[in-house]
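**Student:** The following block contains a protein sequence and its predicted model.
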Amino acid sequence: MKLPMPAPQLNDLWKEVEPVLRRVLSVAPLVEGEYYHWDELRHRTPPPGLTPRQWWAGVKLARQHLGKPVALRDKEGEPFLYGLPDSVHKLLHGIDRDAAGGIQMAEEVTNPGTRDRYIINSLIEESITSSQLEGASTTSDVAKEMIRSGRKPADKSEQMILNNYMAMRYVQQNVARPLTPEMVFTLHRIVTDGTLDDDAKAGCLRIAADNVVVEDGMGNILHVPPPAEQLEQRLQTMCRFANEDSPDVFVHPVVRAIVLHFWIGYDHPFVDGNGRTARALFYWSMLAQGYWLAEYVSISRILREAPGQYGRSFAYSECDGNDLTYFLIYQLKVFRRAINDLQAYLGRKIAEIRQVESLLRSSAEFNHRQLSLLTHALKHAGHRYTIQSHQQSHGVVYQTARTDLLALADHGLLIQRRSGKAYTFTSPGDLSRRLEALGES
C-alpha cells in the first residue's frame, strides 16, 4: 500500500493564509468614504494582495459589528438591520442641528406672520414632485396654478397632485397623534382619491388576488412584497415601531422616519399609491419627532432628479442581507441636500424682497404678503393674480387677500380688471418704473 501524503500542519498553513487573512481583516466598512454595495465595489481596484471577492469579504466582516436590527422583518421572518458608520453619524448630527435645533434660520421662516407662505410653497412643491415620481405628467406651473386658484383638477395627473397636497395637510394636522392603521388607511384614501381603477381599493390592504409586484420600466420584476395574509399584522407592527420610545432600545428619530419610508415600500400594502403614502409617512414621523424644518423642504423634488438611485437604494438593501444602511444613507443625503436647497432659496428670496424694499425706499405701508407678490410680479410681467390665489398662497382669509390686492391696485402697482363677477389683478410691464416713482413720491 502506498503511504498517503502527509497532511499539511496547521503552523505551515497559517504561514500561507495569515498574510491574506490579515489584509482581509484590515479592510474598513467604508471605501473612499462610501458605503458601497458589491455591485459598485466589484468595479473598483481592490487593495494590494486581495481579489475583489476577498476585499468584499473583508468589507462584510467589518460591517457585521455595525448592524442593529429593527422591527421590520423580511418575508422569511429575518430582521432588517442598519449600521451607523461615522459618515452616517455626521449626517445625522447636521440634520439634528439644522432641522430640529434652534438654529439661526431666516426671520421669514421663523416669523409667524410670514412662515405660512413658505410652508405652503413647500407643500405644493412636494405634492407636485411626489406625484411626478409616480407618473403624473402635469407641469409644475400648471399644478401650482391649480392649487393656488382652487380650481378642480382637469385630469388624473392633476388629481394626484391635489391629493398629495391634501395628504400633506393631513400630516400637518395629525403630528400630535400616535400612528395607527386607521391613520395609514386615511392617508392612502387621500392620496388615491379618484385615481384608482377600482375606488373600493382606496384605504384597503391588498388581497392575494391583487398579485402586486414591483417592476422596472421594462417589465422586469424587482421586488415581490410579502403575501397579503401577513399585511394586517405587519401594519400593526409598523405602527408600534413608529410610536415606540423605549429606554432599552434607542433608534435615532431620523432613522426611524426613514425606516418607515422603506417599510411601506417593502410591504407594498396597497394596490397603488404606496410611494406617495411612504413619503407622506416620512414627513409625519419627522414632524412628530420635532424636526420642524421638515415642513419647509421637499425630498421628492430631489428624488425625481435621479429615480434610478432611489430605486437602487431599495434594491441594495433587500439583496444584501437586509442591510438598510444603503437606503438610510441615500435618504439622509437627500434630506441634507433639501435643507441646503432651502437655505439657498431663502437667501435668494430675502435678496429679492430687499430689492423691492430698496425700490420703495420705505416699505412700511406694505405688508410681507404684498412685498412677496411684488417680488414675483417684477419677474413675471403680465401675470394674473386673483383674490383666491393670493388667499391660498398665504393662508389668509378672503377679506385679507382682497384688501392686499386692492391696495396694490390703488397704488398703481397692479392693473385691476373685472372677469365675470370676479376681479383679476395683472402685473404691469413697467412695474419697476412704477415702484421707483412711488418711492420718490
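**Tutor:** Looks like it arrived, so ask away.

**Student:** CA atoms of stretch 336-353 as PDB?
**Tutor:** C-alpha atoms of stretch 336-353 as PDB (Å, rounded to 0.1, in the frame of the first residue of the first chain):
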ATOM      1  CA  ARG A 336     -29.400  67.100   3.700                       C
ATOM      2  CA  ARG A 337     -29.500  68.500   0.200                       C
ATOM      3  CA  ALA A 338     -33.100  69.500   0.700                       C
ATOM      4  CA  ILE A 339     -32.000  71.600   3.700                       C
ATOM      5  CA  ASN A 340     -29.200  73.200   1.700                       C
ATOM      6  CA  ASP A 341     -31.500  74.000  -1.100                       C
ATOM      7  CA  LEU A 342     -34.000  75.600   1.300                       C
ATOM      8  CA  GLN A 343     -31.300  77.800   2.800                       C
ATOM      9  CA  ALA A 344     -30.100  78.900  -0.700                       C
ATOM     10  CA  TYR A 345     -33.800  79.500  -1.700                       C
ATOM     11  CA  LEU A 346     -34.300  81.700   1.400                       C
ATOM     12  CA  GLY A 347     -31.200  83.600   0.600                       C
ATOM     13  CA  ARG A 348     -32.500  84.400  -2.900                       C
ATOM     14  CA  LYS A 349     -36.000  85.300  -1.700                       C
ATOM     15  CA  ILE A 350     -34.600  87.600   1.000                       C
ATOM     16  CA  ALA A 351     -32.400  89.400  -1.500                       C
ATOM     17  CA  GLU A 352     -35.500  89.800  -3.800                       C
ATOM     18  CA  ILE A 353     -37.500  91.300  -1.000                       C
END
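
**Student:** which residues touch V24?
**Tutor:** Listed by Cβ atoms under 8 Å, 6 or more residues apart in numbering, the contact set of V24 reads 50, 54-55, 57-58, 61. C-beta coordinates here come from the backbone N, C-alpha and C atoms, glycine included.

**Student:** so where do the strands sit in the stretch 51-200 of the chain?
**Tutor:** Using DSSP state E, counting those that start in this stretch, the strands of the stretch 51-200 of the chain run over 68-73, 79-82.

**Student:** buried set for the first one?
**Tutor:** If I follow you right, that is strand 68-73. Within strand 68-73, the residues that qualify as buried by neighbour count (16 or more other Cβ atoms under 10 Å) are 68, 70-73.

**Student:** related to what we said a few turns ago, reformat the strands of the stretch 51-200 of the chain as TSV; add mean pLDDT.
**Tutor:** Listed next are these as TSV, based on pLDDT from 0 to 100:
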stretch	mean pLDDT
strand 68-73	96
strand 79-82	97
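
**Student:** For P181, which of the ones you listed is the nearest?
**Tutor:** When the strands of the stretch 51-200 of the chain are compared for distance to P181 using Cβ to Cβ, the nearest one is strand 68-73, at 15.1 Å.

**Student:** other SSEs contacting that closest one?
**Tutor:** Under the contact definition 3 or more Cβ pairs under 8 Å, 6 or more residues apart in numbering; DSSP states H and E, strand 68-73 sits against strand 79-82, helix 231-243, helix 253-267.

**Student:** roughly how far out does the first one sit from the chain middle?
**Tutor:** I take that to be strand 79-82. 21 Å (Cα atoms, centre = their mean, to the nearest Å).

**Student:** Could you pull up the residues touching the spatially most central residue of the chain?
**Tutor:** Note on the chain: the residue nearest the mean C-alpha position is I299, at 2.9 Å, using Cα atoms, centre = their mean. By Cβ under 8 Å, 6+ apart, the residues touching I299 are 126, 279, 282, 331, 334-335, 338.

**Student:** distance of it from N274?
**Tutor:** Applying Cβ to Cβ, to the nearest Å, the value for I299 to N274 is 16 Å.

**Student:** same deal with Q289?
**Tutor:** As judged by Cβ to Cβ, Q289 and N274 stand 22 Å apart.

**Student:** got it, and K421?
**Tutor:** In terms of Cβ to Cβ, K421 sits 43 Å off from N274.

**Student:** Which one's more surrounded, these two?
**Tutor:** Neighbours were counted for K421 and for N274 using other Cβ atoms under 10 Å; N274 has more, 23 against 5.

**Student:** For the more buried one, which non-adjacent residue is closest in space?
**Tutor:** Closest residue to N274 apart from its sequence neighbours, by Cβ to Cβ, 6 or more residues apart in numbering: H268 at 5.0 Å.

**Student:** What is the neighbour count of the one you found?
**Tutor:** H268 has 21 nearby residues by other Cβ under 10 Å.

**Student:** For it, give me the pLDDT.
**Tutor:** If you check H268, the pLDDT there is 96.

**Student:** quick revisit: pLDDT for the contacts of V24 - can I get that in JSON lines?
**Tutor:** Output for the contacts of V24, formatted as JSON lines (pLDDT from 0 to 100):
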{"residue": "L50", "pLDDT": "92"}
{"residue": "Q54", "pLDDT": "93"}
{"residue": "W55", "pLDDT": "93"}
{"residue": "A57", "pLDDT": "91"}
{"residue": "G58", "pLDDT": "91"}
{"residue": "L61", "pLDDT": "93"}
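
**Student:** P79 reaches V70, doesn't it?
**Tutor:** Yes. Look at P79 against V70 with Cβ atoms under 8 Å: they come within range, at 6.7 Å.
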